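Asks: Turn this into a model:
(one chain, ligands or ions: 1)
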Amino acid sequence: MSALAYLSSARYGKDAVRVFRVVRERSTHTVVEYNVKVLLEGNIDISYTKADNSVIVATDSIKNITYYLAKVSPHILIPERFAVHLGTHIVSKYAHIHKAFVDIEQLRWSRIVVGKDGKPQPHPHSFFRDGEEKRTVKVQIDGTAGKDKIQAHVSAGINDLLVLKSTGSSFTSFIRDEYTLLKEVDDRIFSTSVDLNYTFAPINISPPRDEKKLDIVIPALDQAKSGSVWDSTVLDRARTVTLEVFAEDESASVQATLYKMAEKIIAENADIQTVSYALPNKHYIPVDMSYMGLDNITPAKAEVFQPVAAPSGFITATVSRK
Ligand SMILES: O=c1[nH]c(=O)c2[nH]c(=O)[nH]c2[nH]1
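Replies: A predicted model of the protein is given here:
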């Protein structure tokens with residue numbers, strides 16, 4: 001026992017719960033694969049400070065609840081909805097658990113397109129891993145104000161969307177001093193792995209006690225207000241903005257392109273409050289061939305590049321609605 005120390009914060013749960021779900025509608029199947037993290041906060045101090053496990057919902061049970069809802073939740077195919085359902089279910093069920101933090105990473109299974117009678121047809125039950133990009137959702141379910149006044153803080157986005165443009169990017173007029181080696185360039189390769197996260201204003205989730213009542217709170221897909229948490233097209237539109245601005249901007253810097261992407265997402269989605277990007281600058285360095293008598297350095301003549309994994313620039317920002 002120490003009079004010098006106290007438990008100032010505690011959160012626990014299960015990480016990397018891998019779940020795959022198939023939804024069958026006659027012969028057409030839809031599949032999702034998620035990596036789920038569920039962490040809990042509440043009156044759990046004595047499990048740390050007094051070795052008293054009576055307040056612990058076992059992390060194994062947390063995993064089992066995740067699988068249970070993956071089986072019974074009508075919201076399983078949309079990660080924002082599933083995360084809210086899962087977190088609300090736990091906070092509603094356990095009186096002493098006040099907050100649930102549910103993070104979902106969705107892997108990309110896209111339908112294989114097969115030629116039938118000369119026409120490309122989406123296959124009803126065959127899929128391929130469509131790149132390393134992930135759709136991400138982070139939900140905080142907050143029952144601190146009472147189990148009938150639960151709030152959900154939802155954010156969503158993309159991780160690991162790898163992009164590159166071979167021109168339309170410059171970097172000039174930066175600080176030049178005794179540490180500056182970098183040449184100004186009016187034309188360079190710009191490549192980054194996009195991490196995007198946007199947040200919605202908190203939403204009220206009530207009444208939560210019966211999990212079926214969540215259907216009252218979560219509107220049907222075709223009833224969801226455009227640009228709101230429940231509008232499942234927000235992610236695709238934010239992804240399209242990211243790709244289009246990246247492609248079409250005459251980039252003065254990663255910073256300037258990032259800001260334009262974020263501004264546009266805020267302008268297009270009324271309920272989005274903040275947009276954050278983390279953009280590593282994946283450098284492609286022209287190989288110096290002057291010793292062979294070849295010009296591969298002048299931007300217009302640079303054709304052979306060395307991709308440099310590290311170090312990379314790392315440009316981040318959050319843009320918020322005024
Ligand atoms: O777009 C860029 N932003 C920077 O801050 C930076 N720094 C650097 O060396 N190259 C670049 N490129």
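Asks: Not counting sequence-adjacent ones, nearest residue to residue 195?
Replies: In space, and not counting its chain neighbours, residue 195 is closest to residue 278: 4.2 Å by C-beta to C-beta, 6 or more residues apart in numbering. Where C-beta positions appear, they are placed from N, C-alpha and C, glycine not excepted.
Asks: Report the beta-bridge partners for that neighbour.
Replies: In this entry, residue 278 is beta-bridged to residue 195, residue 316, by DSSP bridges.
Asks: show me what contacts it?
Replies: By C-beta atoms under 8 Å, 6 or more residues apart in numbering, residue 278 lies in contact with 195, 314, 315, 316.
Asks: so how far is the ligand from it?
Replies: 14 Å (C-beta to the nearest ligand atom, to the nearest Å).
Asks: What is the burial count for residue 11?
Replies: Neighbour count of residue 11, defined by other C-beta atoms under 10 Å: 12.
Asks: Pick out the residue of the stretch 51-200 of the chain closest to the ligand.
Replies: Relative to the ligand, the nearest point of the stretch 51-200 of the chain is residue 171 (4.5 Å; C-beta to the nearest ligand atom).
Asks: ok, residue 223 - how many residues close by?
Replies: When neighbours are defined as other C-beta under 10 Å, residue 223 has 8 of them.
Asks: cool, residue 265 as well?
Replies: A total of 23 residues lie near residue 265 under the criterion other C-beta under 10 Å.
Asks: And the helices in the chain?
Replies: 45-49, 59-72, 79-93, 214-217, 234-248, 254-268 (DSSP state H).
Asks: Name the residues that touch the first one?
Replies: So the one you mean is helix 45-49. Against helix 45-49 from outside (C-beta under 8 Å, 6+ apart): 7, 10, 52, 53, 54, 55, 56.
Asks: pLDDT on it, on average?
Replies: Averaged over helix 45-49, pLDDT sits at 98.
Asks: What of the fourth one?
Replies: What helix 214-217 shows for mean pLDDT is 63.
Asks: which residues does residue 93 contact?
Replies: Under the criterion of C-beta under 8 Å, 6+ apart, residue 93 has no neighbours.
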